[in-house]
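Trainee: Here is a sequence together with a model predicted from it:
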Amino acid sequence: MADPDAGLTPDEVKEKKQIPFADAVEGIKERISQITEDKKMSADLLFMNTYMASLALADASRPEIFTFAANRKEYISAKYIAKVDMFVKKWSYSYSEALSIQAERIMNRYANAIESGVPDDDFLKNELSTVRSVYRSQVEAGLEMVQKWGDAYIAMLLSGTVICVTLMISIAIYNPTGLDTTLFTGYGIILAIGVGGNFLMYSSVPDDPKAHGLTDHSSKEQQTIHAMERIIIPIAVVAIILLSLIGASAAMIYILIGILLAPLGIIGYIDDSNITMRDNDFSTFIRSLGAVMGGQGTTAVHALNTIDKKSLTALEPLVNSVYSKMNLGLDDKQIWDKFIGESGSNLIYKYLNIYLDTITLGGPPDSIGSIVGASMLEQTLLREKKDMHSRSFLILLIAMHAAMAGIFVALYRIMVVLTGSVGNMMEQFAQEQASASSGVGGSASSLSSSMGGLSMFTNFPEAQMGAFVVISLTIITLSNIFAARFVGGGDRYMFYFYGAIFCTITGVVLLLGPIFVGMFFSPEGLAAMASQGATSGTQVTGV
């Protein structure tokens, strides 16, 4: 048998064997990666410019500034700085030419300043002020967009719920033949709203990763979460599978998920709050540390003993730990690395390394501490504003989630009770009609006409509609979890916190909804009303 690939070049064979839609998938990945980088770039430029301005204050030469900046791999912009450094060192370009090749606005401004003979420290100092203003403007614009998109998301999701509820009523009335198509239409509407709304909010919300994500050292809460999730997450997955196999109710599954995720979520929320408080204290701490070290010409250990640690409510235990270890003569780098890890903060990780690197090069601690503290203060103040917006959104989202779940469950239970009662009444009236047919003809005609309008409610697909309610609520619950995380921010463990909240609400509504509906809408009440109406009709006919 002839080889189908005979005569083809290796590239042609590779292209022939390529997975279908591989290019489209790669394009989507690149697009997502670009969106993520663009979200992070605004804050990253503030980090990088603070670092380069601090290096300039330490009298670092231009090659040293670019070399040190290129080695800070935690910055996204470091890869662009590394390219500039490579063009200069390996290809003998000038710094202005290398910066122009990158074609970034900030780099172009730096290239123009170099060509104009502006000193690096003057340009970087002025550029840092510009970057802070731009960052503030972008964050505030992003917060306005998030507020608008958040309100639109809740409104659209509520509209999608109303559409699905209308589909449920239509199915009960008309009993269409293409039931699966109708149900999948409802799923598609809710899914499209959830995915589209989350994407818009994710692309609009200012990026603010609170946790540093380091593996060598982390806060106590993060260590606890990492240890617990190795046990709780597998247990949750196995429990969901087993409960599904034995036919447990969706309410019990949701409540179980909420209970299992609650410890992780609560600890994560505590860590998130602690990081926020530590970041608020760090601006004061780093400026005080730099002022004492620069003003008195002392080392870090003496400065730590001098500064007022009582004013650092959240950082005081960590600062005391650093001071006691330095007094023992331990390695300074290891001590500060442990301090960064135990703080759990991304901002402390970035800004403390800026301070330590530049004072190691001989920079003035007071000036560098002032620059680092000012940039840190800018971000913490904007974070407070962002948290205020996110809290209002989350409160509204939780209330609306409970309302949407309640609408779904209540209407479904009402339709189940109504159709079951109508079916029983139809049988009862059929028997009465048969017995009345041998009597007065008018009475039989009255019974037939009185039940004709209710015959449409006798074929409600209870099992299929029950699955429709559960699947729709699952889509809404997952969508709201992601929406809360995108707007609220925090580390990935905040998914546990929001997952516990929304899963518990969904489970409680599924469990208690039928009970409350049964208190006000029961088959016995409907049967009594129907019997009373039939008796009144018979009496009127007899008259």
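Mentor: Arrived safely.
Trainee: Report pLDDT for residue 186.
Mentor: Each residue has a pLDDT score; the one for residue 186 is 89.
Trainee: I'd say it and residue 468 touch.
Mentor: Yes - with contact defined as Cβ atoms under 8 Å, residue 186 reaches residue 468; the gap is 6.7 Å. Quick note: C-beta positions are derived from backbone N, CA and C, even for glycine.
Trainee: dump the residue contacts of the residue most central in space within the chain.
Mentor: Nearest to the centroid of the C-alpha atoms of the chain, with distances taken as Cα atoms, centre = their mean, sits residue 485, at 2.3 Å. When contacts are counted by Cβ atoms under 8 Å, 6 or more residues apart in numbering, residue 485 touches 494, 495, 498.
Trainee: Report the separation between residue 297 and residue 366.
Mentor: As judged by Cβ to Cβ, to the nearest Å, residue 297 and residue 366 stand 10 Å apart.
Trainee: In terms of packing, which of these two has more residues around it?
Mentor: Ranked by neighbour count (other Cβ atoms under 10 Å), residue 297 and residue 366 place residue 366 first, with 16 against 10.
Trainee: Quick check, the more buried one in contact with residue 288.
Mentor: No - judged on Cβ under 8 Å, residue 366 makes no contact with residue 288 at a distance of 10.2 Å.
Trainee: Spell out which residues are contacts of both of residue 186 and residue 468.
Mentor: The contact lists of residue 186 and residue 468 share residue 164, where a contact means Cβ under 8 Å, 6+ apart.
Trainee: which intervals of this structure have sub-threshold pLDDT?
Mentor: Applying pLDDT under 70 to the chain flags the ranges 1-25, 103-106, 175-176, 420-459, 522-543.
Trainee: quick one, strands of it?
Mentor: With strands called from DSSP state E, the chain shows none.
Trainee: got a list of what residue 352 touches?
Mentor: 282, 286, 336, 339, 340.
Trainee: From these, pick the one nearest residue 370.
Mentor: Nearest to residue 370 among the contacts of residue 352, counting by Cβ to Cβ, is residue 286 at 8.9 Å.
Trainee: Look up how far residue 318 lies from that closest one.
Mentor: Distance of residue 286 to residue 318, given as Cβ to Cβ: 13 Å.
Trainee: Show me which of these two is the more surrounded one.
Mentor: Remark: of residue 286 and residue 318, residue 286 carries more neighbours, 25 against 21, as counted by other Cβ under 10 Å.
Trainee: Pop out the phi and psi values for the nearest residue in space to residue 363 that is not next to it in sequence.
Mentor: Using Cβ to Cβ, 6 or more residues apart in numbering and skipping the chain neighbours, the partner closest in space to residue 363 is residue 58 (3.0 Å). Per-residue torsions, residue 58: phi -80, psi 10 (degrees, to the nearest 10).
Trainee: Surely residue 58 and residue 358 touch.
Mentor: Yes - between residue 58 and residue 358 there is a contact under Cβ under 8 Å: 4.7 Å.
Trainee: Could you name every residue contacting both of these two?
Mentor: Going by Cβ under 8 Å, 6+ apart, residues that sit against residue 58 and also against residue 358 are residue 368.
Trainee: higher neighbour count, the two?
Mentor: Neighbour totals were compared for residue 58 and residue 358, and residue 358 leads with 28 against 20 (other Cβ under 10 Å).
Trainee: Residue 267 contacts residue 223, correct?
Mentor: No - using Cβ under 8 Å, residue 267 is not in contact with residue 223; the gap is 10.0 Å.
Trainee: Neighbour count for the two, which is higher?
Mentor: residue 267 (20 against 16).
Trainee: Give me the distance between the more buried one and residue 220.
Mentor: Taken as Cβ to Cβ, the span from residue 267 to residue 220 is 9 Å.
Trainee: Can you show me the CA trace of stretch 359-373 as CSV?
Mentor: Only the C-alpha atoms of stretch 359-373 are listed here, as CSV (Å, rounded to 0.1, in the frame of the first residue of the first chain):
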residue,chain,number,x,y,z
ILE,A,359,19.9,50.7,49.2
THR,A,360,22.3,47.7,48.6
LEU,A,361,23.7,49.6,45.7
GLY,A,362,24.3,52.6,48.0
GLY,A,363,21.2,54.6,47.3
PRO,A,364,19.9,57.1,49.9
PRO,A,365,17.4,55.2,52.1
ASP,A,366,15.3,58.2,52.9
SER,A,367,14.7,59.3,49.3
ILE,A,368,14.1,55.7,48.1
GLY,A,369,11.8,55.0,51.0
SER,A,370,9.8,58.1,50.1
ILE,A,371,9.5,57.0,46.4
VAL,A,372,8.6,53.4,47.3
GLY,A,373,6.1,54.5,50.0
